[in-house]
Each structure stands twice: as C-alpha cells, then as structure tokens.
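[1] Need the 3D shape of this:
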Amino acid sequence: MTKDELAREFLNQLAESEKSLLQELSVIEEHLRSLRKGDVADQADVVYESARKVALLEALEQIRKAMLYFSAFNGTPKKRAEEGALVEVELKGSRAYFLLIPDLGTTCKLEIDGREYRTLSPSAPLYRAVAGKRAGEQIKVAEFEGRIVSVE
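    Have a look, this model is predicted:
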C-alpha cells in the first residue's frame, strides 16, 4: 500500500466519521428544539444536550482539520522519520505501521491486507522516539526497545 493510498483510506474513514457526527448533531439539535418548545424545559436536559453538542462540534472541527490534511497529502518518499513518512517499527517482537502526521487532534487506525496502520502525531512518545531516524536505527519507548524496519 502506498502512502497516497493510505492517506485516501484515512480520508474515507474520516468522511464516514464526519457523516456520523453530523447525524448525531442533527438529533441533538432536534432534541434541544423540542426541549425549548415546552412550557417548562428541563434545564438539566438542556444543559446536558448543549454540552454534548459542543463536544461533537469540537470533534467535528478536529475531523475536518484532519480531512484537509489528508486531502492535500503529498506522498513524497522520505529517508528519515518525519511528518509524512510511513514508518514500519518492530517493538516487542511485532511490527507496526505508522503514518507520521502533525497534531490534528484526532487519530486514525485502519487494517488493510492484515496490516494495521495508525496515524502518529508529535504528542505521542513513539513519534518522538522515531523522529529523525532512518531504517535500521534502534529506538526506545518507555521500557521497550525496538528498531525502525523501514521509512518511506
């Protein structure tokens, strides 16, 4: 799987999440309208639904930010682990695949052809452990040691 294909898959996943959040927001907004139409609106329900709406709007903003990033993704090959690199890591005897991205406030995970791919941002300890390294270099994350198998 190329990085561009992976970015498209992450974008599709985010689009599905966006659709789901928009549907949930619609339900909350309808519920808030019905609560406010009543003579005596239960203030606890209004506060609760309003807080849910704010949380969903924040999540929607993060998803849209990530969608913009993946829409403009450039799969240029990388020699070092840096933003835009696809890094294969071996830790604790197993391999994992990470697409290094900026802090977008959201993460993605996909399984394709038996491989699990995840996004990884600078706030993650593993990102900091691999940043700037090349294939074959050793890494240490907390008490775990491993190596970078490949960088694309």
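
[2] what helix or strand is the most centrally placed residue in the chain on?
    By C-alpha atoms, centre = their mean, the chain has its centre lying nearest to residue 107, at 1.5 Å. Following DSSP states H and E, one finds residue 107 outside all helices and strands.

[3] Local confidence estimate at it?
    Model confidence at residue 107, given as pLDDT, is 87.

[4] For it, which residues are in contact?
    118-121 (C-beta atoms under 8 Å, 6 or more residues apart in numbering). For every residue, glycine as well, the C-beta is placed using N, CA and C.

[5] now with 10 Å?
    10, 62, 66, 101, 118-121, 124 (C-beta atoms under 10 Å, 6 or more residues apart in numbering).

[6] Can you turn the buried part of those residues into a PyMOL selection?
    Those of these that count as buried under 16 or more other C-beta atoms under 10 Å are selected in PyMOL with:
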select buried, resi 10+62+66+101+119+120+121+124
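
[7] Please settle this for me: is residue 119 part of a strand?
    Yes. According to DSSP: H, G, I helix; E, B strand; the rest coil, residue 119 belongs to a strand.

[8] related to what we said a few turns ago, against residue 30, how distant is the residue nearest to the centre of the chain?
    Distance from residue 107 to residue 30, counting by C-beta to C-beta, to the nearest Å: 30 Å.
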